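[1] fold the following, please.
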Amino acid sequence: CVMILSRQKVQWACGLLSAIIALQVFMYNLFTEFDYIFRQLALAGSIILLLAECFAEDKPLLAGVPTSEEEDMKKPKTYLQLVGRITVPLMFLPLVQFGKGYFHVLQNLVGFALMVLVMIGYKTKHAAVILCLQLFVLNMYLHPWWMHRWGSAMQDYLKYDFFQTLSVIGGVLMVVVMGPGTLSLDERKKYE
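    Okay, the predicted model is just below:
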């Protein structure tokens with residue numbers, strides 16, 4: 001984390017964090033736990049977006065001259081943003097609550113709609129901000145680790161889920177800051 005925050009060898013730090021995520025899946029033998037898999041995919045998506053951010057943009061020779069769509073498609077940043085944009089919203093899936101009233105049904109529908117909008121890249125920044133707020137509220141409601149006895153197993157479990165969800169919220173904020181990328185409906189509208 002220090003390497004990422006200090007912007008020193010970010011690619012190495014992203015590789016190390018990815019290895020830790022993969023190691024956790026094997027170590028805890030959670031191949032069939034879909035909630036856990038979706039959380040790990042969302043974390044991996046956040047790391048992919050962080051990696052995409054560290055790729056330097058080549059500046060055009062003449063200021064103000066836009067680059068062509070074909071040139072943008074050749075950049076690895078384009079594909080990293082696409083993969084990150086698709087995997088980060090998967091964090092919402094483990095938070096879905098079935099059969100708990102009309103409010104939860106509405107919450108699930110809004111969450112699914114926002115998730116799909118971010119994934120396809122349509123109105124991405126707006127959808128990502130709203131998804132971020134929804135994830136934050138759900139995180140505070142579903143993982144109140146501060147309300148449990150200090151040092152208990154339940155507090156540790158909820159604290160782990162709380163901070164993991166908070167990390168994914170950071171990934172969603174990366175989508176807000178970086179934008180949807182070239183392979184999105186928002187960018188496609190610019191070229192039409």
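
[2] going by C-alpha atoms from here, please, whenever you check contacts or count neighbours.
    Noted.

[3] mind exporting the C-alpha coordinates of stretch 78-86 to CSV?
    Only the C-alpha atoms of stretch 78-86 are listed here, as CSV (Å, rounded to 0.1, in the frame of the first residue of the first chain):
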residue,chain,number,x,y,z
THR,A,78,-8.2,0.9,-22.8
TYR,A,79,-8.6,-2.8,-22.1
LEU,A,80,-7.6,-2.5,-18.4
GLN,A,81,-10.3,0.1,-18.0
LEU,A,82,-12.9,-2.1,-19.6
VAL,A,83,-12.1,-5.1,-17.4
GLY,A,84,-12.0,-3.0,-14.3
ARG,A,85,-15.2,-1.3,-15.2
ILE,A,86,-16.9,-4.7,-15.6
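
[4] give the buried residues for it.
    Within stretch 78-86, the residues that count as buried by 16 or more other CA atoms under 10 Å are 78, 79, 80, 81, 82, 83, 84, 85, 86.

[5] next: stretch 185-192.
    Neighbour count says stretch 185-192 has 185, 186, 187 buried, by 16+ other CA under 10 Å.

[6] which of those fall in strands?
    Per DSSP state E, strands hold no members of the buried residues of stretch 185-192.

[7] helices - which of those land there?
    185, 186, 187 (DSSP state H).

[8] quick check: longest helix of the protein.
    Max-length helix for the chain by DSSP H is helix 153-178.

[9] now do that helix: which elements does it pack against?
    Contact here means 3 or more CA pairs under 8 Å, 6 or more residues apart in numbering; DSSP states H and E; on that basis helix 153-178 packs against helix 34-54, helix 124-142.

[10] deepest of the ones you listed, which one?
    helix 34-54 (a mean of 22; mean count of other CA atoms under 10 Å).
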